[in-house]
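Participant: kindly generate the corresponding structure for this input.
(chains A, B, C and D)
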Protein chains: 2
Amino acid sequence: MNREETTKNRILAAAGPIFARRGFQQATVREICDAANVNLASINYYFGDKQQLYIDSVILAREQRAQQFPFPSWSDDTLPEVKLRTFVGMLLKRVVVMQTIPWQVQLLMREILNPTEACRQLVEDYFRPIFDRLLRIVDELTVEPLPQLRRTQIGFSIIGQCLNYRFSAGVISLMVQEDQREECFDWDELTNHITEFSLAAIRNLDAPSALDSLPKATKTY
Amino acid sequence: MNREETTKNRILAAAGPIFARRGFQQATVREICDAANVNLASINYYFGDKQQLYIDSVILAREQRAQQFPFPSWSDDTLPEVKLRTFVGMLLKRVVVMQTIPWQVQLLMREILNPTEACRQLVEDYFRPIFDRLLRIVDELTVEPLPQLRRTQIGFSIIGQCLNYRFSAGVISLMVQEDQREECFDWDELTNHITEFSLAAIRNLDAPSALDSLPKATKTY
DNA sequence: TTTTGTGTTAAACAGTTGTTTCATACAGCT
DNA sequence: AGCTGTATGAAACAACTGTTTAACACAAAA
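Facilitator: Numbers count the residues shown, from 1 in each chain, chains lettered A, B, ... in the order given. From the prediction side, this is the model:
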């Protein structure tokens, strides 16, 4: 038998996208078996039960994802502004760009929004390196070293702008008019805006604000 | 009969938290009826079907939530900077509450992440007025009228920074060190940072950027 | 009193779910 | 050939789902 086209592999290949799209409970074993063109009993025969198939699917997604989309290596004289744009563009490409979200990302996102025990390892192995990389770019963009908290906050501000287009994608689609929907999710437009917005913010965070001259009582609402 | 303790109200009171905790599909009518101490047929009697009960629950959640943190009415001479801070602070208060997330927020977040039939109405009645209000503040902060797209993008940048602390709350908690966790989710700190970050960005979006002097090829990565 | 309308109840219904059963096919072996 | 272990197939199973039914309770109206 073709070692790559075993029944077990066909099930795994079919299960990942379906779990990603529908979630664990909503995905049915019949749906998966239909998609994999295997008998209904095969899942229980090879994986014991549905939950073990789900666990194996998450593991597979993480493995496949780990060896994709390596960050580019920049030359020493690359401007931090360019690095930030590259980072934002990469993040948006991985996470947002609408039509084609890899099922691996979908499945991992599911685990993140409903964190389980597996999520801790996911953060350490996958998200922290990315976030640290962003913070180092932020460091390059600022003249003086930032306080730890502010540094982190800036990082989340940038990440938040990107992720929002995925988390709130449904609402955003309903919010913008039909003819603006396409350019609203356009990768180039998004990358450009979020980069410019964040650069402008970082460059001027230390500049005197109109709020600074106001009494404290007004500021704290 | 006690007008406040009708069967219909008992169902609504029980359904909200259960839908919020388990989602639409996972929540069962039997579970809700048990919690409300009503007969199994009552949901269909009063609401027609399960989905209508869900829609009514979302509407109730939205009403209760908006009532809890109403928008302030500003005097004519209020600085737009102050208005933005108030807006951000209110949004964070409505959405980012660490320890115990109210079931109303849970339910609304579910609708954002996984829009159902209830979402369209939610957007029109709830999100759009809030978003328009934010955009009008942005207008006050800019001297020249903004292009439609950029105006919308700025709005989503601000909203995104706020919502990220809810959507990625689990990941953020794992990401920051134990001793920084509290101040990371501190309402005052968050309001301050996001307001300052956004103000700095808006004020300088039109200023010349380091990226503008770069060749297009470099910019588009 | 009889009738009518409104709630409530227990039971049944029809459909879907994950899982199990048992017969069968088939390759590799003695 | 006969035997054995692996793999597949169709059907059945048991539990659970949302929904419907029909009987019943009881107050207000006729």
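Participant: run through the residues of chain A sitting next to DNA strand D.
Facilitator: Neighbours of DNA strand D within chain A, by Cβ under 7 Å from any atom of the strand: A:6-7, A:38-42, A:45. Placement of C-beta: from N, CA and C, glycine included.
Participant: what is the most widely separated pair among these?
Facilitator: Farthest-apart pair in those is A:6 and A:40; separation 17.4 Å (Cβ to Cβ).
Participant: before we move on, the earlier item: which among the residues of chain A next to DNA strand D end up buried?
Facilitator: Listed as buried from the residues of chain A next to DNA strand D are A:7, A:38, A:42; burial here means 16 or more other Cβ atoms under 10 Å in any protein chain shown.
Participant: which one of those residues is nearest to residue A:129?
Facilitator: Using Cβ to Cβ, residue A:7 is the member of those that sits closest to residue A:129, with 36.2 Å.
Participant: I figured that closest one was touching residue A:46, is that so?
Facilitator: Yes: counting by Cβ atoms under 8 Å, residue A:46 is a contact partner of residue A:7 at 6.9 Å.
Participant: wait, does stretch A:74-83 contact chain B?
Facilitator: Yes: against chain B, stretch A:74-83 shows contacts by Cβ under 8 Å from any Cβ of the partner chain at A:79, A:81-82.
Participant: could you single out the nearest of the residues you listed to DNA strand D?
Facilitator: Nearest to DNA strand D, judged by Cβ to the nearest atom of the strand, of the residues of stretch A:74-83 next to chain B is residue A:82 at 51.8 Å.
Participant: quick one: the closest one from residue A:191, how far?
Facilitator: Applying Cβ to Cβ, to the nearest Å, the value for residue A:82 to residue A:191 is 12 Å.
Participant: among those two, which residue is more densely surrounded?
Facilitator: residue A:191 (24 against 18; other Cβ atoms under 10 Å in any protein chain shown).
Participant: and the more buried one, what does it touch?
Facilitator: Residues in contact with residue A:191 (Cβ atoms under 8 Å, 6 or more residues apart in numbering or on different chains) are A:85, A:88-89, A:92, B:221.
Participant: report the contact partners of the spatially most central residue of chain A.
Facilitator: Chain A has residue A:95 as the residue nearest its centroid, 4.2 Å off, counting by Cα atoms, centre = their mean. By Cβ under 8 Å, 6+ apart, the contact list for residue A:95 reads A:101, A:105, A:109, A:162-163, A:166.
Participant: and it, what's its pLDDT?
Facilitator: You'll see residue A:95 listed with a pLDDT of 70.
Participant: how many residues are close by residue A:18?
Facilitator: If you count neighbours by other Cβ under 10 Å, residue A:18 ends up with 21.
Participant: whoops, residue A:169 was the one
Facilitator: Neighbour count of residue A:169, defined by other Cβ under 10 Å: 17.
Participant: how near is it to residue A:195?
Facilitator: 20 Å.
Participant: so the residue nearest to the centre of chain A versus residue A:160, what's the distance?
Facilitator: From residue A:95 to residue A:160 the distance is 12 Å (Cβ to Cβ).
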